[in-house]
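In: My questions concern the predicted model and sequence given below.
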Amino acid sequence: MTSSPKETTKTGNGVESLPRLAALLETSHEITGKLELGELLEAVALRAQDLVRCDGVTLYLIEDEILRPIVCYEEYAEEVLSTPLKLGEGVSGSVAVTGEAEMVNRVDLTGRGFLIPGTPLDPESLLCAPLKYKDEVIGVLTLNRLGEWEFTSADLEFTKGLASLAAAAIHSARLYERLADSERNYRTLFNSIGEAVFVHDPETKRLLDASDSAVRRYGYTRDEILNMTILDLHPEEEQESRELHVPANIQDGVTHYRGIHHRKKDGTLIDVTISAVDIELRGRPARLALAVDVTEWHRIFRELEQARKLESVGLLASGIAHNLNGPLAGIQGFAELLRATHPGLVELDLILKQVYKINEIVRTLMLKARNQQEQKSRNIQINALLRTELSFLEANLFFKHEVEKSYEFDPMLPEVRAVYGDLSQALLNIINNAIDAMRDSPRRLLQVRTRHADGQIIIEIEDSGIGMSEEVMSRIFEPFFTTKPPPDGEQFQGPTGTGLGLSASGQFLARYKGKIEVRSRVNQGSVFTIILPSAKQAEAEQPPGEEFTVA
C-alpha cells in the first residue's frame, strides 16, 4: 500500500511530547478494534509515523521464510513494497531473526543497511522493532529518519511497546480471518447439501442454524427458524414421542432416527429420517441434524406393496379360474343334455346363458394372467388388448354404471411389437386417469378409438372430465406430480394418486419409440393420443443384424 510521506517536524523526539502511557493506551484502543488485517496494518503504520515522528514507516510480515513488506509510507514506497527481504538481510531482516529491537543511527555509515533497488544512498537512521507474539516473531516494524535526524532511546522503547501491541492485534486479526474463512467454508458446504440441515443446542433444543434447503423446503424464514426449537418442527402430539429420543441405530458416531414426522409452515406433514451428529459451532457444543424427506419414498413403497398384493391376487384368481373350468364344463354339459331331453324347460336357456358368461370371464382372466406374466416382446393386437383391459375395468362399479362408453376400433389395425404387460399397464394408467377426471362431471363419456396411418398405430383416449390448465399439462409426466390427494387417509373415498401413473406410461411407451400427445380444455375434457410404430415399421427401423429387444 502506498502513500505520500507525512509532513513531520524534526524538532524534539515526538514521543516525549505526550505521556507515553496515554499514547500507548490510545493506540491500543484504536488498533484492537480493527479485525480486518489490511485495515489494521494501515492503522499501525500511520500511528507509528504520527507518534514517533519519522520520514518513513514500513511494516513487514514473515511469510514462507521471507520478510514481505505489506504497508509502506515514504517517498519510495513503491520500490520498498516490491522488494521482499530474506531473513537476516539488512537491519530489518536481522531483527526478524534475533527477535530483538535495534536502533541504528546513520546506518549508511555502518555497512549494515540494505539498499532498496531504485532508491538513493542517502544519510539515514533506522529503528526496527520485532512484531512478536508469544516468543514468535511474525514481522518487523521499521521506521526511518533521513539526514542528521537520529532516533533516541525513548523512541526505541516506545516503538517496542507499540510493536508489542501491534503483534497482539495482528494475531487476533489473523485468527478472525481464519475464523471468517472457516465460517465461509462451513456456510458453503452447509448450503450445498440438497437436503434440509438443522443445527440446534443439545440442551435447550434451540435452533442455531438452518441450511438454505431447509428454509426453502419448510417454508419458514431464517429468522422464524432461529426463534424455534428443534421440537417445534414435529407435530405437537409427537413432540414427546419415544421415537424422537430412541435412535434406530448409531453408526460411526452418527445417530439415525426413523419414523419421524415434520410439519412444514403450511401445515403439511412429511415423513423424514434423521441423521444427527455432535459438532462444535462457534466454540459451542451443537448437534447437526440432516432431515431427509422420505414421504415420496414411502408412497412408492406402499404402491409397490399394493402391486405385489395385486400380483398375488391375480395369480390366485388365475388359479381359481383354472380350477373352475372343470366344474363349469360339467354344469354346461349336463344343462345341454337336459335341454336336449327336455326342450320345454326355458330355465335351462337362462342357466346356459349365465354359464357362457362365466366361461367368458374365466377365459379372459386366464388370458390376461398369462399375458401379464410374459416378459418377452412379441406381436400384439392392440384392439384385443384394449378390449381385455376395458372388460376388466367393469369391476369398477363407477365405470360400469356411471360412465358412457364409445369404442371405435380399426379392424385393419396392424400389430405392434412389445411386451404385453408394458403396453397394457401404459394404456390402463391413461384410461384410469380419464375415468378419475370424470368423477364430478355432469356428463361422463369415455371414447376409445384406434386407427393407423403411415406405419403408425394411433390410439385416442378421450374423456369429458374436468380438463387441465396449460400449467398442469406441462407437468403431468413429471414423476410424483399429481392433482389428486395421496392415498394416505381412509376418510377420502374419491380418486387418489401418487403421480407415478402417467410418468410410468411415458417410460413404457418410450421403450418402443412411442409417444403421447395431449390436448385438454378446462371443464371440457382431455384427449390422450398414443402413437406407436407398427411391428413392421419397428422392424424396418431396426439396425441390420440387431435383434428387437426390450430394455
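Out: Perfect, I can see it now. Numbers count the residues shown, from 1 in each chain.
In: contact partners of stretch 143-160?
Out: Judged by Cβ atoms under 8 Å, 6 or more residues apart in numbering, the contacts made with stretch 143-160 from elsewhere in the structure are 10, 13-16, 20, 23-24, 48-49, 51-52, 54-58, 74, 101, 103, 105-106, 122-129, 141. For the C-beta atoms, the positions are set from N, CA and C on the backbone; glycine is no exception.
In: and it, average pLDDT?
Out: Rounded to a whole number, the mean pLDDT of stretch 143-160 is 91.
In: got it, and stretch 379-398?
Out: 86.
In: now stretch 353-370
Out: Across stretch 353-370, the per-residue pLDDT values average to 65.
In: now swap in stretch 74-87 and tell me
Out: In this model, stretch 74-87 carries a mean pLDDT of 93.
In: The contacts of stretch 143-160 in strands, which ones?
Out: 56, 57, 58, 103, 124, 125, 126, 127, 128, 129, 141 (DSSP state E).
In: number of nearby residues for the first one?
Out: This points to residue 56. As a burial measure, residue 56 scores 23 neighbours (other Cβ atoms under 10 Å).
In: Next: the fourth one.
Out: The burial metric for residue 103, expressed as a neighbour count using other Cβ under 10 Å, is 21.
In: which residues touch it?
Out: 125, 126, 127, 128, 151, 153, 155, 156.
In: and the closest residue to residue 56 other than its chain neighbours, what does it touch?
Out: Taking Cβ to Cβ, 6 or more residues apart in numbering as the measure, residue 56 lies nearest to residue 74, with 2.8 Å between them; neighbours along the chain are not counted. With contacts taken as Cβ under 8 Å, 6+ apart, residue 74 has the following neighbours: 5, 55, 56, 57, 58, 80, 144.
In: want to throw those residues into CSV with distance to residue 451?
Out: Formatted as CSV, the contacts of residue 74 follow (distance: Cβ to Cβ, whole Å):
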residue, distance to residue 451
5, 94
55, 98
56, 94
57, 92
58, 90
80, 89
144, 98
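In: for the residues you listed, which one is nearest residue 32?
Out: Using Cβ to Cβ, the shortest approach to residue 32 within the contacts of residue 74 belongs to residue 57, at 19.4 Å.
In: Show me what that closest one is bridged to.
Out: Legend: beta-bridge partners of residue 57 under DSSP bridges are residue 73, residue 143.
In: residues contacting it?
Out: In this structure, residue 57 makes contact with 45, 48, 49, 71, 72, 73, 74, 141, 142, 143, 144, judged by Cβ under 8 Å, 6+ apart.
In: ok, so what distance separates the most centrally placed residue in the chain from residue 279?
Out: The C-alpha lying nearest the average C-alpha coordinate of the chain belongs to residue 194 (Cα atoms, centre = their mean; 2.0 Å). Counting by Cβ to Cβ, to the nearest Å, the separation of residue 194 from residue 279 is 19 Å.
In: Given the lengthiest strand in the chain, what are its sheet partners and their directions?
Out: Using DSSP E to define each element, the chain has its longest strand at strand 269-281. Taking DSSP bridges as the criterion, strand 269-281 pairs within the sheet with strand 254-263 (antiparallel), strand 284-293 (antiparallel).
In: ok, of the ones you listed, where does mean pLDDT dip lowest?
Out: Among these, strand 254-263 carries the lowest mean pLDDT, at a mean of 84.
In: That strand: which residues count as buried?
Out: Of the residues in strand 254-263, those with enough neighbours to count as buried (16 or more other Cβ atoms under 10 Å) are 255, 257, 260, 261, 262, 263.
In: Looking at those residues, which one is closest to residue 353?
Out: Within these, the smallest distance to residue 353 is 55.5 Å, found for residue 261 (Cβ to Cβ).
In: then stretch 522-540 to CSV, C-alphas only?
Out: Coordinates of the C-alpha atoms in stretch 522-540 are reproduced here as CSV (Å, rounded to 0.1, in the frame of the first residue of the first chain):
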residue,chain,number,x,y,z
VAL,A,522,-60.7,-26.8,-18.6
ASN,A,523,-64.2,-28.2,-17.9
GLN,A,524,-64.4,-29.8,-21.3
GLY,A,525,-62.2,-32.8,-21.1
SER,A,526,-58.9,-34.2,-22.4
VAL,A,527,-57.7,-36.3,-25.3
PHE,A,528,-54.6,-38.5,-24.9
THR,A,529,-53.2,-39.6,-28.3
ILE,A,530,-50.7,-42.6,-28.2
ILE,A,531,-48.6,-43.1,-31.3
LEU,A,532,-46.7,-46.3,-31.7
PRO,A,533,-44.8,-47.7,-34.7
SER,A,534,-46.3,-50.9,-36.1
ALA,A,535,-44.4,-54.1,-35.8
LYS,A,536,-43.4,-54.0,-39.5
GLN,A,537,-42.3,-50.3,-39.1
ALA,A,538,-40.3,-51.0,-36.0
GLU,A,539,-38.6,-53.9,-37.7
ALA,A,540,-37.7,-51.8,-40.7
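In: secondary structure element for the closest residue in space to residue 41 that isn't next to it in sequence?
Out: Nearest in space to residue 41, with sequence neighbours left out and distances taken as Cβ to Cβ, 6+ apart, is residue 71 at 4.7 Å. Counting by DSSP states H and E, the secondary-structure element that holds residue 71 is strand 66-73.
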